[in-house]
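# I need the structure of the sequence given here:
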Amino acid sequence: MRIPSGVPYRPGADRTIVLALLALLAALCWAFLLLRVGRMAPMAPATDATMHVAPWHAADLALLFALWCVVIGAMMLPAAAPSVLLYARVRRLRRERRVHPATGLFILGCLSIWCCCALAATLAAWLLHDAGALDESMAIRHPAAGALALVAAGVYQWTPAKHACLEHCRAPLAFVLTHWRHGADGAFRMGAADARYRTGCCWLMLVLVLPAGVLNLPVIAGLVALILAEKMLPGGHLLACASGLGLVAWGTALLFP
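The predicted structure follows:
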């Protein structure tokens, strides 16, 4: 892709608008989570005596799906900021029209993939609930489940797939230049493709929320910090490997205390 020289653009204004939009979305996600934590009530929990579960109704599932969408959005939106900013800047340099609406569509493409992940998590939680495996905080009752999830997430930190996706997340310029698509549908499709890489980088970290509980804010905040550190700090690949060792050690210690 050839970027024309001498094209006037306002990188500061574009950056401010895009960052403000991302910050607003992330703030809304965290505000919703804090509100739900403050008003948290059991969603038809099982009784300890019989372990029989009351079925979730459509409203319960809709609320759980919304919670998972918000949780994944809160975790992934900050990490997507470099790609979104880069997309807006390249679109401005190419003298494409409607930079900000197209950037909004790019973000919507990202959110569409994360909503699919939220749907999968909701279905998994539904199955676990019907099996009596969730407690009143919607965390998995069996400690071994969390330990195995930690080990799996730690092992994944060493895989080639993880590091290929991480390289894309750390240096998204090649993706933006080689996968450029014109028009509104192109912006949406590029956002969805970028989100697939980012989800592939840390999908097992998202899975860790399932045994911990969808409203376990300390776990969510810790995972957000780790995801951002891998993508933003120097030596992100080494950090991923080191965190993988830590996760495996933590999970093993829980399995064999």
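# Is the residue nearest to the spatial centre of the chain within a helix or a strand, and which one?
Nearest to the mean C-alpha position of the chain, by Cα atoms, centre = their mean, lies Met76 at 3.4 Å. Assessed by DSSP states H and E, Met76 sits inside helix 58-93.
# Show me which residues of that helix are buried.
61, 64-65, 67-93 (16 or more other Cβ atoms under 10 Å). For the C-beta atoms, the positions are set from N, CA and C on the backbone; glycine is no exception.
# One more: stretch 106-126?
Result for stretch 106-126 [16+ other Cβ under 10 Å]: buried residues 106-107, 109-111, 113-115, 117-118, 121-122, 125-126.
# and what of stretch 137-148?
Met138, Ala139, Ile140, Gly146, Ala147.
# Among those residues, name the ones in helices.
Members of those lying in helices (criterion: DSSP state H): Gly146, Ala147.
# need the contact list for the residue nearest to the centre of the chain.
Cys110, Trp114, Ala195, Arg198, Thr199, Ile227 (Cβ atoms under 8 Å, 6 or more residues apart in numbering).
# Can I take it that Leu215 is in a helix?
No - under DSSP: H, G, I helix; E, B strand; the rest coil, Leu215 sits outside any helix and is assigned coil.
# Who are the contact partners of it?
Counting by Cβ under 8 Å, 6+ apart, Leu215 has contacts Leu33, Arg36, Val37, Met40, Leu67, Ser137, Met138.
# May I see those residues organised as a markdown table, with distance to Arg98 and pLDDT added?
Formatted as a markdown table, the contacts of Leu215 follow (distance: Cβ to Cβ, whole Å; pLDDT from 0 to 100):
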| residue | distance to Arg98 | pLDDT |
| --- | --- | --- |
| Leu33 | 32 | 88 |
| Arg36 | 35 | 83 |
| Val37 | 38 | 80 |
| Met40 | 41 | 62 |
| Leu67 | 33 | 92 |
| Ser137 | 44 | 76 |
| Met138 | 41 | 83 |
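# what's the neighbour count on the nearest residue in space to Leu34 that is not next to it in sequence?
In space, and not counting its chain neighbours, Leu34 is closest to Leu217: 7.6 Å by Cβ to Cβ, 6 or more residues apart in numbering. The tally of other residues near Leu217 (other Cβ atoms under 10 Å) stands at 16.
# do the same with Leu173
11.
# Can you give me every residue that contacts it?
Leu86.
# heads up, I number from 549, so please use that
Yep, numbering from 549; the last one is Leu721 now.
# just the helices in the chain please.
Using DSSP H, helices in the chain cover 559-586, 606-641, 647-678, 691-704, 708-718, 721-726, 731-755, 757-760, 765-780, 784-803.
# Would you pull up how far the third one lies from the middle of the chain?
Right, helix 647-678. Relative to the centre of its chain, helix 647-678 is centred 9 Å away, using Cα atoms, centre = their mean, to the nearest Å.
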